[in-house]
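Novice: Attaching a predicted model along with its sequence, questions to come.
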Amino acid sequence: MKLSGKAAVITGAGSGFGAELARRFAAEGCHLTLFDLDAEACARVAAEVREAGGSAVEVAGDVADPAAAKACMATAMESHGRLDFLLNNAGIGGAMGTIERMKEEDFDQVFATNVRGVFLFAREAIPLLAARGGDGDDGGGGVIVNTASTAAFKPRP
């Protein structure tokens with residue numbers, strides 16, 4: 001298994017694409033730290049992974065909260081002793097409608113989740129990924145994957 005013994009943090013892991021990433025990485029033997037705003041959904045996915053024989057812990061919080069990003073990375077290191085992958089998957093679409101009708105608080109929420117959250121988690125992960133070293137054959141210091149939306153190709157009004 002390609003990911004056996006590796007460790008990953010997955011944001012937005014409580015549903016959809018994030019939950020499927022968790023299932024696939026766990027099936028490959030990766031140790032997981034799952035993060036989601038929805039604590040119950042995150043716990044369900046982590047339990048599902050464990051029931052299937054995988055290794056997963058869950059952390060609930062808001063990706064836009066610096067303390068939550070720190071806590072998630074601390075949990076990952078305490079639980080697995082390493083970090084090889086950060087999968088920044090958490091994202092929201094925001095309120096539908098034209099820009100003229102968009103409220104600033106709706107814009108702020110989308111920006112906080114989709115941009116600030118990626119920044120905060122990357123900022124916390126990079127020192128951990130760099131510290132693990134590597135010989136280049138295994139990706140060097142680790143991997144960060146930032147998931148984007150198909151909305152880039154199919155914009156809404």
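Specialist: Ah, there it is.
Novice: where exactly do the helices run in this structure?
Specialist: Under the criterion DSSP state H, helices of the chain are mapped to 16-27, 39-51, 66-80, 104-111, 117-131.
Novice: Give me the mean pLDDT for the fourth one.
Specialist: Per-residue pLDDT over helix 104-111 has a mean of 92.
Novice: how far off helix 117-131 does that helix point, in degrees?
Specialist: For helix 104-111 against helix 117-131, the angle by axes from the mean of the first three to the mean of the last three Cα atoms, to 10 degrees is 20 degrees.
Novice: Pull the residues that contact helix 104-111.
Specialist: Residues outside helix 104-111 that contact it (Cβ atoms under 8 Å, 6 or more residues apart in numbering): 92-95. C-beta here means a position set from N, CA and C on the backbone, and glycine is covered the same way.
Novice: Let me know the closest of these to residue 42.
Specialist: residue 92 (15.7 Å; Cβ to Cβ).
Novice: check contacts around the nearest residue to that closest one once chain neighbours are set aside.
Specialist: The shortest distance from residue 92 to any non-neighbouring residue, by Cβ to Cβ, 6 or more residues apart in numbering, is to residue 113 (4.9 Å). Residue 113 makes contact with 62-64, 90-92, according to Cβ under 8 Å, 6+ apart.
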